[in-house]
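A.B. asks: Below is the sequence, then the predicted model.
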Amino acid sequence: MRLEFHTVFRSQVQQDLLSNSTSKMSFRLQFSYAFICNIGNLTFLEELIHDNNFFHGTIPRQHNQLLHPQHLSLYNNSFQGEIPAELGSSRNLLDLYLSKNQFQGTIPHSLGNLADLRILSLSDNLLEGNIPEGLGILSNLEFLKLSSNKLSQNQFFGSMPVSITNASGIVILDIGGNALSGVVPMNMGNLKHLQSLNLAHNCLSGLLPTGVGNLINLGRLDLSNNRLSGELPSSLGFCEVLEFLSLQGNLFKGPIPSSLDLLRGIQLLDLSRNNLSGNIPVSLALFRLIPFLNPSYNMLEGEVPNEGLFMNSTMFSISGSEKLYGSLESANSKNLTYARIEVINLKSNNLESEVPAVLSSFNNLLVLHLSVNHFRGMIPHSLGNLCAVHILSLSGNIIEGSIPEELGKLSNLSSIKLSCNKFSAVPMQLF
């Protein structure tokens, strides 16, 4: 039974509930801390949820007297102190949510005794230390979240526990935003049910195991801002349901695997700020739809494929690679009025051509960065049709002639950069 109470009836409800200690019940609490301290009298309570309140202090020891809790959630309060090791004695516990508090200290090793535990969420606290190996023997674990945000920082360190690859039923594994070092476990491919893996913003190094290709249910993979190195395994292409792939801010080298063209459902592909080399695979331009594509700031070279990218992206950024060359003149104007692209960032490359008038067909374009290239000729008057554009940057090229007065009619324009070119006249409409 689930009972939900409102604070208007708090006094009477507290008295009635605490006098009925043998009732099996489940309820949500928004009551006083004094009430919580008497929860231990409800010895048959199965579900206790204190979410989104203003409770503070340590977890009352009375919580540890509960005999049959299955669901315990203290999410989004201000609880402090250490997580009680006694929670490891709650053998019936299925779900434990302690995220968004101010818990300190380490994760109790006793939590490895919770054999039936399905969900363990300890993110956004002030926890530290090693992640206990015992968590990897929780065969029923489906959801493990130990990550941090900018306001509340867990700082788990040491290596990822190899035992975590034994939790074969895990669906979501989120350990981002800590200080983990060492390598990604070689047996990570054992987690066949894994749908989301977040190891971003740590200090992980070494290779990305080829076994990642065994994660055929993986929809989200975020390894950004680590120190991972070596070549990207071609087996990534076997993760055919992958929608989000972020590998930016690592030390990956070698070519972009052509097997990535198998990721037909990809929505975000961020390979930026690595040491990748070689050409941008033409196959990336053949994706039916890839809203976000960013291979910027690598060591890529050769011609930039542009036709499919214009048609199939919402945002793409290819910048910071001096050996990339090509033009935008081959962009096909057919159906561009229906293109969804909102951001084009091609700054700091070696592109050359006239600024193509076809760009004016992108009705949804918000940002156009073509700075620090070798664009020449004149600015097309038709760019004045980009009524949605907020940022227009053409600086650092060899564009000449008069700046079109039509640009002064772009009412949504918040930033325009035209410096370091060869312009001869500036229209009054821009002032």
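C.D. replies: On my side now, so go ahead.
A.B. asks: looking at this, residue 180 is in a helix?
C.D. replies: No. Counting by DSSP: H, G, I helix; E, B strand; the rest coil, residue 180 is not part of a helix but strand.
A.B. asks: shouldn't it be in contact with residue 201?
C.D. replies: No. Between residue 180 and residue 201 there is no contact under Cβ atoms under 8 Å: 9.6 Å. (C-beta placed from N, C-alpha, C; glycine too.)
A.B. asks: Between the two, which has more neighbouring residues?
C.D. replies: Taking other Cβ atoms under 10 Å, residue 180 and residue 201 do not tie; residue 180 has more neighbours (24 against 20).
A.B. asks: The more buried one and residue 187, how far apart?
C.D. replies: 17 Å (Cβ to Cβ, to the nearest Å).
A.B. asks: ok, now residue 245?
C.D. replies: For residue 245, the distance to residue 187 - Cβ to Cβ - is 21 Å.
A.B. asks: what's the answer for residue 404, then?
C.D. replies: For residue 404 relative to residue 187 (Cβ to Cβ), the value is 60 Å.
A.B. asks: same question, residue 121
C.D. replies: According to Cβ to Cβ, residue 121 stands 24 Å off from residue 187.
A.B. asks: Those two - which one has more neighbours?
C.D. replies: Comparing residue 121 with residue 187 by neighbour count (other Cβ under 10 Å), the higher total belongs to residue 121, at 20 against 15.
A.B. asks: Give me the pLDDT for that one.
C.D. replies: For residue 121, the pLDDT comes out at 96.
A.B. asks: same question, residue 79
C.D. replies: With respect to pLDDT, residue 79 scores 90.
A.B. asks: so what's it up against?
C.D. replies: 55, 56, 57, 58, 59, 98, 101, 102, 103 (Cβ atoms under 8 Å, 6 or more residues apart in numbering).
A.B. asks: Buried subset of the residues you listed as a ChimeraX selection?
C.D. replies: To isolate the buried ones among the contacts of residue 79 in ChimeraX, judged by 16 or more other Cβ atoms under 10 Å, type:
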select :55,59,98,101,103
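A.B. asks: Tabulate the contacts of residue 79 (a markdown table), appending pLDDT and secondary structure.
C.D. replies: Supplementary listing: the contacts of residue 79 in a markdown table, determined by pLDDT from 0 to 100; DSSP: H, G, I helix; E, B strand; the rest coil:
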| residue | pLDDT | secondary structure |
| --- | --- | --- |
| 55 | 80 | coil |
| 56 | 83 | strand |
| 57 | 84 | strand |
| 58 | 85 | coil |
| 59 | 80 | coil |
| 98 | 94 | coil |
| 101 | 93 | coil |
| 102 | 93 | coil |
| 103 | 93 | coil |
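A.B. asks: Closest one of the contacts of residue 79 to residue 219?
C.D. replies: residue 98 (25.9 Å; Cβ to Cβ).
A.B. asks: Correct me if wrong: the closest one contacts residue 126.
C.D. replies: No. Between residue 98 and residue 126 there is no contact, the gap being 11.7 Å when judged by Cβ under 8 Å.
A.B. asks: list the contacts for the closest residue to residue 76 other than its chain neighbours?
C.D. replies: Among residues not flanking residue 76 along the chain, residue 100 sits closest, at 4.2 Å (Cβ to Cβ, 6 or more residues apart in numbering). Residues in contact with residue 100 (Cβ under 8 Å, 6+ apart) are 75, 76, 77, 123, 124, 125, 152.
A.B. asks: Need the max-distance pair from those.
C.D. replies: 77 and 123 (13.9 Å).
A.B. asks: who's more crowded, those two?
C.D. replies: The neighbour comparison of residue 77 against residue 123 (other Cβ under 10 Å) goes to residue 123, with 24 against 20.
A.B. asks: burial measure for residue 45, as a count.
C.D. replies: With other Cβ under 10 Å as criterion, residue 45 counts 25.
A.B. asks: Find me the pLDDT at the residue nearest to residue 231 when sequence neighbours are not counted, would you?
C.D. replies: Excluding the flanking residues, the one nearest residue 231 by Cβ to Cβ, 6+ apart is residue 254, at 3.7 Å. pLDDT, residue 254: 96.
A.B. asks: Could you give the bridge partners of residue 254?
C.D. replies: Taking DSSP bridges as the rule, residue 254 bridges to residue 276.
A.B. asks: number of nearby residues for it?
C.D. replies: Neighbour tally, residue 254, other Cβ under 10 Å: 13.
A.B. asks: what does the one 10 residues further on give?
C.D. replies: For residue 264, the neighbour count with other Cβ under 10 Å is 13.
A.B. asks: Next, it: secondary structure please.
C.D. replies: coil.
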